[in-house]
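A.B. asks: sequence unknown, structure follows:
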């Protein structure tokens, strides 16, 4: 289980306009590419200094590849990162606040305590 | 020594800029009341005639990240560029550049370390909406040098609430011992109850109006003891999953001092979250229209 890596995916995609569009249009392909090429990149370092050990669990990979924000929440991904990125990808397809309200409504079965987001 | 001419605690609502500048059909129905409240709040800072602003906020995974996460960080740079692509994208926030007050940053860092706070620092910091929102609401001309101080209310493990209060008390002591004749305002922003990315988000009110009511009372009365008796890292999960941002209000209560009643208290019940605004004048309220 790698909550850190889930967060790293959300973080690195959310801050890059091209990656936001790429993930919106081709989630499965983007996740596969990102895990192969980017997951181990140490931010702020050259490629030779990459890490050697980071990989998604199957469940995590599938949640990202299927744009499943509810599952990401259940897995303990940081909710701010997920929300911000998903608004960027999908708000445009909906009326004012419609997407945000549906996003919350899809999680109504969840109750406290929420999954731990500690990394 | 420097004088603290105002202590200000506020929510930082990233949608204020867009709501207050929208016109016609795009202007939300609550915008006019919101603008009136903000303009009254702004006057409490203007009246204090500050020269320097110490700005307490929290990075939202913009520059600070989980591979290298500080708990408390002080900016020390001649300039701070501001707002990030995803804030422009989601909130319409403008790009800004603010001047830094490096001498006060150095004083806070040296003195903070000596008081037992192992403060991180940054010499190249792009600040985000936790600091630019109060610039937009309280000092839109953005003409004063700042000392940004970031706290981690976002990426657990977090410091405990008491630590935020203690840091607030230390910041006050440090600013008051800064050998300068500058007039300093200390401004910090946080949240009342707030849920982001969970089932209680974007409701008609904040996720826990009862918490918000009590929180406003604690802050307005400077009831640090009462607040600390009830608020823990665990308890803050209950009012909403992003409510740990309330600890920045607790930090500001530490700056204002135990039992310090705020001179200006206001709030606005919006959908999604309650806005709250507080101003203290440690040396008494400045007289309107009197220039000493």
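C.D. replies: Received, thanks. Treat the numbers as computed from the prediction; the structure is a model and nothing was measured.

A.B. asks: Give me the neighbour count for residue B:47.
C.D. replies: 19 (other Cβ atoms under 10 Å in any protein chain shown). Using the backbone N, CA and C atoms, a C-beta is placed for each residue, glycine as well.

A.B. asks: Find me the pLDDT at residue A:2, would you?
C.D. replies: Predicted confidence (pLDDT) for residue A:2: 89.

A.B. asks: now residue B:287
C.D. replies: 81.

A.B. asks: residue contacts, whatever residue of chain A ends up closest to chain B?
C.D. replies: Chain A approaches chain B most closely through residue A:79 (2.8 Å), counting by Cβ to the nearest Cβ. Residues in contact with residue A:79, defined by Cβ atoms under 8 Å, 6 or more residues apart in numbering or on different chains, are A:73, A:117, B:196-198, B:241-242.

A.B. asks: right, and out of the residues you listed, which lies closest to residue B:53?
C.D. replies: residue B:242 (24.9 Å; Cβ to Cβ).

A.B. asks: Now for the closest one, how many residues are close by?
C.D. replies: 25.

A.B. asks: For chain B, which residues score under the pLDDT cut-off?
C.D. replies: B:288-292 (pLDDT under 70).

A.B. asks: Wait, a strand at residue A:40?
C.D. replies: No: under the criterion used here (DSSP: H, G, I helix; E, B strand; the rest coil), residue A:40 is coil, not part of a strand.

A.B. asks: Could you check how far it is from residue B:103?
C.D. replies: Distance of residue A:40 to residue B:103, computed by Cβ to Cβ, to the nearest Å: 42 Å.

A.B. asks: same question, residue A:99
C.D. replies: Computed as Cβ to Cβ, the residue A:99 to residue B:103 distance reads 47 Å.

A.B. asks: residues contacting the residue of the stretch 101-250 of chain B found nearest chain A?
C.D. replies: Using Cβ to the nearest Cβ, residue B:197 is the residue of the stretch 101-250 of chain B that sits closest to chain A, at 2.8 Å. The neighbourhood of residue B:197, defined by Cβ under 8 Å, 6+ apart, consists of A:69, A:73, A:79-80, A:82-83, A:103, B:241.

A.B. asks: Show the buried residues in those.
C.D. replies: Buried members of the contacts of residue B:197, counted by 16 or more other Cβ atoms under 10 Å in any protein chain shown: A:69, A:73, A:79-80, A:82-83, A:103, B:241.

A.B. asks: Excluding chain neighbours, give the residue nearest to residue B:89 in space.
C.D. replies: Closest residue in space to residue B:89, ignoring its immediate chain neighbours: residue A:88 at 5.9 Å, by Cβ to Cβ, 6 or more residues apart in numbering or on different chains.

A.B. asks: Helix or strand: which one has that neighbour?
C.D. replies: Using DSSP states H and E, the element containing residue A:88 is helix A:79-90.

A.B. asks: Please apply the same query to residue B:10.
C.D. replies: strand B:3-11.

A.B. asks: Next, the buried residues of that strand.
C.D. replies: B:3-11.

A.B. asks: related to what we said a few turns ago, which one of the buried ones among the contacts of residue B:197 sits closest to residue A:113?
C.D. replies: residue B:241 (9.9 Å).

A.B. asks: any idea whether the nearest residue to that closest one once chain neighbours are set aside is helix, strand or coil?
C.D. replies: Leaving aside its chain neighbours, residue B:241 sits nearest to residue B:198 (4.7 Å; criterion: Cβ to Cβ, 6+ apart). State at residue B:198, reduced to three classes by three-state DSSP: coil.

A.B. asks: Tell me how many other residues surround residue B:198.
C.D. replies: By other Cβ under 10 Å, 21 other residues sit near residue B:198.

A.B. asks: Residue B:232: what's it in contact with?
C.D. replies: For residue B:232, the contact set (Cβ under 8 Å, 6+ apart) comprises B:160-161.
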